[in-house]
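Peer 1: any chance you could fold what I've pasted below:
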Amino acid sequence: MPESRIRRSRVLLATATLVALTVTLPAQAGARPLEKKAPGADGLPAVRPLAETAALYDDEEGGNADADDPAIWRNAADPGRSLVVATAKEGGLRVYDLDAEEIQSVAAPAGPGPDDAPGRFNNVDLVHGLKLSTGRADLAVTSDRGNDRLRFYRIDRDRSGGPLTDVTDPAVPPVFSAGQEEINEQRTAYGLATWTDRATGRSYALVSRRETTRVALLELLPGRSGTVSYRTVRTLDLPSAFRLPDGTSWTPCLEPGELPQVEGMVVDPANGVLYAGQEDVGIWRMRADLTGRPRLIDKVREYGVPGTYDEETEECAAGADPGFGGKRLAADVEGLTLIPESGDDGYLIASSQGDNTFAAYDRETGDGNEYEGGFRVAAASARLDGSEECDGAAALNAPLGRRYPNGLLVVQDGDETPRSGGREATGFKFVDLADVLDVLDD
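Peer 2: Numbers count the residues shown, from 1 in each chain. Now for the predicted structure:
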């Protein structure tokens, strides 16, 4: 069972109303196509993918590959030959073309010893034009949760053998852990977002720590022979307990010793604002340099619902809902991405994993990131399904050749239609960004 499902099965938030999203598929070839904007049972419009990647399987036969988080790299010289770089956890990285065809697979590194945790790539983001000792380069940056490190891959679209080349400094330190014993406990580098400070030109990675509320700011540093390392600038701990309007205190019900973690993150490059999804709490907005006070801009519906952990069942029994939660997000809050438009216009998109929808917020912070609507990524045909239990998302609002002249949205599908017996599968869906903007701008 994929890890995200195991985690959610331990947190039973019975008071949330989760709607099963069903789609009526054409009965035969030539039947009337599905309406692009047809609303579901929740009233939200649907957009349909144009393509999907081959299914990934999280078992030994499938290479322990579990799709998680995508990033979109635009080839400025030939936009139609742009790439999607995506994490597959123990399966490493996958690189896809705009037809969703795999063109490279990069293995995650092994642990230092046979009994140590193996490499496990969790989230990925891009840095453009980083100045290395060998010249400027675009990089894919990934959090290696298995080894508690960041890893760096130079992007060369036409390089023989594949576009990604590992340029990680061999001496990069653990992000959070003091040693290998602590790394093996896997409270390690988890969520990831990159940021280049326009005032200084310096590039950074924001990295969250698994099963804690901590976020670290790491400055990216060029090393010898074109390699990349990093140093920790500062850390910030988000709250794990919350004062409710009735004067009581609430902490999300999790396994003993766990705190409500952050995974999905994105930085608005125009103003240096970081958005961070605390999975069982909501979406935070803060300065990307981790100074100042974070602000919770929206909460999950389950916010404030008490829970009692049962060690025998490893589940939380939910109590009565006091009504302090939000209206648009069902835990977990997962993938965050931006759709920038001119000036401060555009959207922050969040994956509402608990009800298989996506919520859109105004990108303009002066208006408090107001909610602008939502949508689902639904099945396009009997063979091309939608996105469920989405972990990660990435959008690029720029022309990408003939296939996506208005930009692209890529979302993880945590419940891919199996293509090999009854094996559980994951993958990624490619959606025309114009379809998303159409439903949000209506």
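Peer 1: and Pro109, what does it touch?
Peer 2: With Cβ atoms under 8 Å, 6 or more residues apart in numbering as the criterion, the residues that contact Pro109 are Pro118, Gly119, Asp144, Asn147, Arg151. (C-beta placed from N, C-alpha, C; glycine too.)
Peer 1: drop anything exposed from these.
Peer 2: By neighbour count, with 16 or more other Cβ atoms under 10 Å, the contacts of Pro109 hold Gly119, Asp144, Asn147, Arg151 as buried.
Peer 1: with respect to Asp344, which of the residues you listed is nearest?
Peer 2: For Asp344, the closest of the buried ones among the contacts of Pro109 turns out to be Arg151, at 33.7 Å, with distances computed as Cβ to Cβ.
Peer 1: what sits closest to that closest one if chain neighbours are left out?
Peer 2: In this structure, Arg151 finds its nearest non-sequential neighbour in Thr168, 4.6 Å apart by Cβ to Cβ, 6 or more residues apart in numbering.
Peer 1: count the residues that sit near that neighbour.
Peer 2: A count of nearby residues for Thr168, using other Cβ atoms under 10 Å, gives 21.
Peer 1: who does it bridge with?
Peer 2: Judged by DSSP bridges, the bridge partners of Thr168 are Val228.
Peer 1: and the gap between it and Arg423?
Peer 2: 32 Å (Cβ to Cβ, to the nearest Å).
Peer 1: how about Ser143?
Peer 2: Using Cβ to Cβ, we find Ser143 at a distance of 26 Å from Arg423.
Peer 1: of these two, who's got more company?
Peer 2: More crowded of Ser143 and Arg423, by other Cβ under 10 Å: Ser143, with 29 against 14.
Peer 1: pairing partners for the helix or strand the more buried one falls within, with directions?
Peer 2: Element membership of Ser143 [criterion: DSSP states H and E] is strand 135-144. If you go by DSSP bridges, strand 135-144 pairs up with strand 121-132 (antiparallel), strand 149-155 (antiparallel).
Peer 1: most neighbours per residue, which of these?
Peer 2: Compared across those, strand 149-155 shows the largest average neighbour count, a mean of 24 (mean count of other Cβ atoms under 10 Å).
Peer 1: which other residues reach that strand?
Peer 2: Contacts with strand 149-155, where a contact means Cβ under 8 Å, 6+ apart, come from 73, 83, 85, 93, 106, 109, 121, 126, 132, 137-144, 163-168, 172-175, 189, 192, 205, 207, 218, 220, 226-228, 230.
Peer 1: got a quick ChimeraX command for the buried subset of the residues you listed?
Peer 2: For anyone working in ChimeraX, the buried entries among the contacts of strand 149-155, judged by 16+ other Cβ under 10 Å, can be selected with:
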select :73,83,85,93,106,109,121,126,132,137,138,139,140,141,142,143,144,163,164,165,167,168,172,174,175,189,192,205,207,218,220,226,227,228,230
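Peer 1: do you know how far Ser342 is from Cys253?
Peer 2: In terms of Cβ to Cβ, Ser342 sits 43 Å off from Cys253.
Peer 1: between the two, tell me which one has more neighbours.
Peer 2: Regarding Ser342 and Cys253, a neighbour count based on other Cβ under 10 Å identifies Cys253 as having more, with 24 against 6.
Peer 1: and the nearest residue to Arg48 once chain neighbours are set aside, what element?
Peer 2: Computed as Cβ to Cβ, 6+ apart, the closest residue to Arg48 that is not its neighbour in sequence is Ala380, at 3.9 Å. Of the helices and strands defined by DSSP H and E, none includes Ala380.
Peer 1: appreciated, that's everything.
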